[in-house]
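[1] Below: sequence and its predicted model.
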Amino acid sequence: MTLREFQDSIGETYLDKDSRRGLFESYAWLVEEVGELAGALRHGKPEELAHEFSDCLAWLASLANMAGVSLEEAAQRYAGGCPRCGASPCECEDASH
Ligand SMILES: [Zn+2]
């Protein structure tokens, strides 16, 4: 499955429902899922980690649908290595993206 196919699938499944909820309310759900990912990273078993990563991806894709952003196009920013220093592996002094 490509990132485009994944985002389209999430759109078919959730776009109407999430649009009714609203962009910022849906963003709050993403933040909640990121919090659950934090717990899984700290304490989780491998299957719990995959579950939380999938929830975060699904919410991120739904928000991108609502915001009119293509994740596949957005990912291109990182396709040629680090967007800041241009190297792969990154050679930036700090760890931020
Ligand atoms: Zn870099």
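    Looks like it arrived, so ask away. Numbering: from 1, shown residues only.
[2] Quickly find the element holding Ile10.
    helix 3-21 (DSSP states H and E).
[3] So which bits of that helix are buried?
    Leu3, Gln7, Ile10, Gly11, Tyr14, Asp18, Arg21 (16 or more other C-beta atoms under 10 Å). For every residue, glycine as well, the C-beta is placed using N, CA and C.
[4] Just list what whatever helix or strand comes next after that helix packs against, helices and strands only.
    Counting by DSSP H and E, the element after helix 3-21 in chain order, helix or strand, is helix 23-43. Applying 3 or more C-beta pairs under 8 Å, 6 or more residues apart in numbering; DSSP states H and E, we find helix 23-43 packed against helix 46-67.
[5] The ion contacts on this protein?
    Contacts of the chain with the ion, taken as C-beta under 5 Å from the ion, map to Cys82, Arg84, Cys85, Cys90, Cys92.
[6] Buried ones among these?
    Counted by 16+ other C-beta under 10 Å, those give Cys90 as buried.
[7] In the residues of the chain next to the ion, find the pair that's most separated.
    The largest separation in these, counting by C-beta to C-beta, is between Arg84 and Cys90 at 7.5 Å.
[8] Nearest to the ion, out of the buried residues of helix 3-21: which one, please.
    Closest to the ion out of these is Leu3 (22.0 Å), distances taken as C-beta to the ion.
[9] For that closest one, which non-adjacent residue is closest in space?
    Nearest residue to Leu3, sequence neighbours excluded (C-beta to C-beta, 6 or more residues apart in numbering): Glu72, at 4.4 Å.
[10] what about the strand or helix carrying that neighbour, average pLDDT?
    Element membership of Glu72 [criterion: DSSP H and E] is helix 71-75. Averaging pLDDT along helix 71-75 gives 98.
[11] for the protein, what are the low-confidence residue spans?
    Residue ranges of the chain with pLDDT under 70: 95, 97.
[12] burial of the residue lying closest to Gly80 once chain neighbours are set aside, as a residue count?
    Nearest non-adjacent residue to Gly80, counting by C-beta to C-beta, 6+ apart: Gly86, 7.0 Å away. When neighbours are counted by other C-beta atoms under 10 Å, Gly86 registers 11.
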